[in-house]
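In: Sequence first, predicted model second:
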Amino acid sequence: MEHIVIIGNGISGVTAARHIRKMSDKKITLVSAETDYFFSRTALMYVYMGHMKFEHTQPYENWFWKKNRIELKKGYVSKVDHQKSQLIFESGENLQYDKLIIATGSKPNKFGWPGQDLDGVMGMYHKQDLENLEKYAPTNKVCKRAVIVGGGLIGIELAEMLNSRGIPVTFLVREDSFWNGVLPAGESGMINRHIKNHHIDLRLGMNLKEIIADDNGKVKAAVIQETGEVIDCDVVGLTAGVSPNVNFLKDSGIELGRGVKVNRFLETNIPNIYAIGDCAEQHEAIGNRRPIEAVWYTGRMMGETVAQTICGNKLEYKPGHWFNSAKFLDIEYQTYGWVFGKPKEYEAQFHWIHEDDTKCITVSYHKETREFLGINTFGIRMRHETFDKWLTDKKDVDYVMDHLAEANFDPEFFKHFEKDILNAFQKQQTINA
Amino acid sequence: MAVERNMALTGQPPKSLNTIQKIGVLIGISGLLILLLASFNLNLPNKGLWLTISLSALTIGIIIFSKGAYDKKLEGIKNDGVWFKSMSSRGVLAWIAGIILTGFYVVLYFFAELLGLGQGVDGTNTGLVGLFDPLSRLLSGNPASQWFVYGTLYTIAIIGFGIKFLMKYKHNRYEQLRTMSVIFFQTAFAFVIPELMARLNSDTFSLPYNDLKNMWPLNYYAFEQWRVDQFINAQTIGLFFLILAVLMVFVISPWLTYKYGKRWYCSWVCGCGGLAETAGDSFRQLSDKSVSAWKLERWMIHTVLVFSVIMTVATISTFLGYDSTKYWFTKNVFLISVGVFLTLLFVGILYYKRNQLNKSAVTGAAGFFIFTIAFLVLISFVDLSQIQIQAKYFSFGLNDKSYAADSALRAFYGFGIGSIFSGVIGTGFYPILGNRVWCRMGCPMAGILGIQQRLFSKFRITTNGGQCISCGNCSTYCEMGIDVRSYAQKGENIVRSSCVGCGICSAVCPRGVLKLENDSLDGRINSNEVLLGNDVDLMDFVNKK
């Protein structure tokens, strides 16, 4: 019986394992050094905030794996020997495979800041980070202030987490407005204000210079590059993005870039070795997507795809229209299609913001053809299926604005804003005309 | 990770209470203290005044507490620290509250004299029941009973904690309207109107206490002889109520459930649901989400449903049997109609819905059906009222009375299901088992509505394409113990008989994935192997199988 070994029990690896099991009788082993069972990484924040217990982040009950004959192996893989088709664990153990799927995900970026390895400095990615945070920031008595470095999705989640325990947060964001590499200015500005409304000390355009230790090698303060200000703190969160967790593959013969290089079939340069999820790097970017996509659902989709290939139905990884979602404190965000933070030369954008400053949308369309290109929506839920269809059908922006109500996904009885939005849109069109 | 248990009044955020919340707790407790003093027969002069103070303190205490909790916060989900607080995470406070509540129910149901019922001169009330006399006289003109005390406190709890819920979900209009609805139905339909209607009763005219929305089989005594007789004797208006009660079961409720799902009742109207959604809101995360709990649920709730049907049929057929001249129906006509109705229903579902039923559901339903029909055949030949049953064999000797078999069934149902299950366990154990144990495991009404909702309803919870990140907030906060995530992460709609449509899964979802909707029956139950977002060919390929 063919033995499929998967390194990494995150969403990518687990999805691959589940789909291989559905389609075949192959022997499957899931290897992880992080946890015994699959959990939802995106939910770790809710454990610290007390919304959930860790067990609630596990989508499958513990009996699931045995019932589906997916073997779980806890251990840290230190080397892959593809000539002998075996994994070598840190403990010295070996494991033979017939096919190997690398799904080791990401690790938090560290940019060589002085003091970045001190006690009390942490990312927010692994379960171990959560345990660390619980150790160094259990209460606002133990942790008088925390400094977060890096204004992305994980940074704002960490800020929300610490805020929930009444721990004052200073939030250093390199950009001059929150996440404005991705979000258009109007949206980014609204999130800036929302962060401040939560009494988070948001510092835009600021970088970390160094982290200062106390006598015990624990964080004492963080220093800001631009101003030289020294901020006393007990915890420093490093959330300046993530990069593929592939160090253990150096010198393995598997081709690496920033991640594991794969073709559209998710195959590496070595036969029978595949890479999926955050750690995989496409030779060439697919459409407007990045070569490395550290997104929950792309991991899941790669898992679905590679399972087909391994079970004899060789398939390309062909992600459909881009979409994503996040939550900034109390404001939900969804995006369908492409809306660029800095509009492309062919791109026109229409922005609408509600007077309560918690809801806005940005619609992107082609200047000449008026083809609808994408939408960002904040505080208003919209239907994935509808936008997916409109993008496939290449609807023009006027059609989309007229039919926006069809895409509404807010709960029943919620106030609708489609009329306001349409009015604002028409007004803007006449001005521009 | 060991989370330290804490008595919650101290500790750090988000566990700690702020000053306003502490004041709220203090005021609320002072209201309870008055009730406690009255229970211990401290003779309070001017009972009306003390009762007013007590009930006001309870309500205002809850409101002040809620203001402290939510007022200064921005609109959004307020679940910080739920699993750290002793009360909401099965800590010491939760166990204390559970024991007190359970004790209260035991006294209420079985030892009402301890509350002062009829303990005074000439059978007047003393103690806690006595304290409520002025309010009862004001409404119905009669002295209070333990049920009046209970009804009042129940209503106060729904109003007080309902206001708390309104503050907590001020950003969510579905929750706002739903909560106002349960507050209204409890206050008006379950409490004030029936009390006022009691004023119509005289020596020549009498209506039973009638909560219009409380229908059979939740109201398991709806068709007992004394009620049916009273309705018939009360001429037009009584007959109207009797016909309405039947229409509710066979026409109004199925129609509303078809259009809106069982939520129209369970989380918008029902009193049990009303308490669960308001006072019980802090405990919704405690429901058991395991597959084994689901298996238990399916057996238990349908067993209770069958029991309630059998008990009701036995009751009605018995009085039709010995009083055959009084009613339009005879016993055999009644039994045959019930048999025919159930057979048509069963065969119809098996035939028309055969693609939606899995094997275990068919097997279970067939077992229940055969059992019920066998029972109908049995009682058509045997007159249950002629069989005497010694209660001591079933009550560990606590009850040494002898009952006719039909009243024994009623007594056992009333005790086992009506009192112990729905009251003592269902509500008393809120802080331990969650707020919907009764609704999920025991309520026969929820059982019927659930079958309708699963098979004949436009209601579903829609999943938003590929946006789910499997975080688990939806499953954690589902009071019915539905593993919502297991559907959402597969892009599948949630069509479950137990869903009461409270809407909290949708509210707590951080990615906007879930939406409660009424829509067409086509494609309501969908099953996807591959979610939206991936290449369309792959979706076709995998989903075709």
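Out: Received, thanks.
In: Do you know the pLDDT at residue 16?
Out: I went with chain A, as the question did not name one. pLDDT, the model's per-residue confidence, is 98 for residue A:16.
In: wrong one, chain B
Out: The model's pLDDT for residue B:16 equals 90.
In: Same check on residue B:2?
Out: pLDDT recorded at residue B:2 is 44.
In: just the one 10 residues further on next, same as before
Out: Each residue has a pLDDT score; the one for residue B:12 is 85.
In: Same question for residue A:198.
Out: 97.
In: show me what contacts it?
Out: Shown in contact with residue A:198 (C-beta atoms under 8 Å, 6 or more residues apart in numbering or on different chains): A:159, A:160, A:163, A:329, B:74. The C-beta positions use only the backbone N, C-alpha and C, and glycine is treated the same way.
In: 6 Å instead, please
Out: Residue A:198 makes contact with A:163, A:329 under the criterion C-beta atoms under 6 Å, 6 or more residues apart in numbering or on different chains.
In: do the same with residue B:433
Out: Counted by C-beta under 6 Å, 6+ apart, residue B:433 has zero contacts.
In: State the distance from it to residue B:284.
Out: Counting by C-beta to C-beta, to the nearest Å, the gap from residue B:433 to residue B:284 is 11 Å.
In: and what of residue A:335?
Out: Distance, residue A:335 to residue B:284, by C-beta to C-beta: 31 Å.
In: Please identify the residue of chain A positioned nearest to chain B.
Out: residue A:384 (2.7 Å; C-beta to the nearest C-beta).
In: Please, which helix or strand holds the closest residue to that residue other than its chain neighbours?
Out: Spatially, and ignoring its direct neighbours in sequence, residue A:384 is nearest to residue B:465 (2.7 Å; C-beta to C-beta, 6 or more residues apart in numbering or on different chains). Per DSSP states H and E: residue B:465 is located in neither a helix nor a strand.
In: Residue B:34 now?
Out: Using DSSP H and E, residue B:34 sits within helix B:19-39.
In: what's the answer for residue A:22, then?
Out: Element membership for residue A:22 (DSSP H and E) is helix A:11-23.
In: low-scoring pLDDT stretches of the stretch 1-150 of chain B, where are they?
Out: Along the stretch 1-150 of chain B, segments meeting pLDDT under 70 span B:1-10.
In: Pick out the residue in chain B sitting closest to chain A.
Out: Residue nearest to chain A within chain B (C-beta to the nearest C-beta): residue B:465, separated by 2.7 Å.
In: and residue 11, what does it touch?
Out: Chain wasn't specified; assuming chain A. Residue A:11 touches A:296, A:299, A:300, counting by C-beta under 6 Å, 6+ apart.
In: What number of neighbouring residues does the nearest residue to it once chain neighbours are set aside come out with?
Out: Counting by C-beta to C-beta, 6+ apart, residue A:11 lies nearest to residue A:299, which is 4.6 Å off, once chain neighbours are set aside. Residues within reach of residue A:299, counting by other C-beta atoms under 10 Å in any protein chain shown, total 27.
In: Now do the same for residue A:299: its pLDDT.
Out: Value for residue A:299, per-residue pLDDT: 96.
In: so it makes contact with residue A:280?
Out: No - Residue A:299 is beyond contact range of residue A:280, at 8.9 Å (criterion: C-beta atoms under 6 Å).
In: Could you check how far the residue nearest to the spatial centre of chain B is from residue B:284?
Out: The centroid of chain B falls nearest to residue B:272 when counting by C-alpha atoms, centre = their mean (3.1 Å). The gap separating residue B:272 from residue B:284 is 14 Å, by C-beta to C-beta.
In: Likewise for residue B:533?
Out: 31 Å.
In: Also residue B:519?
Out: Distance check for residue B:519 against residue B:284: by C-beta to C-beta, it reads 26 Å.
In: Same question for residue B:301.
Out: 18 Å.
In: still on that earlier bit, any idea which helix or strand comes after the helix holding residue B:34?
Out: Counting by DSSP H and E, what follows helix B:19-39 is helix B:47-70.
In: helices or strands up against that next one?
Out: For helix B:47-70, the packing partners by 3 or more C-beta pairs under 6 Å, 6 or more residues apart in numbering or on different chains; DSSP states H and E come out as helix B:19-39, helix B:133-139, helix B:146-168.
In: Got phi/psi on the most centrally placed residue in chain A?
Out: In chain A, the centroid-proximal residue (C-alpha atoms, centre = their mean) is residue A:295; its distance is 4.3 Å. Backbone torsions of residue A:295, given as degrees, to the nearest 10, read phi -130, psi 140.
In: can you check the one 4 residues further on too?
Out: Residue A:299 has phi and psi values of phi -60, psi -50 when expressed as degrees, to the nearest 10.
In: how about it, what does it touch?
Out: For residue A:299, the contacting residues are A:11, A:12, A:277, by C-beta under 6 Å, 6+ apart.
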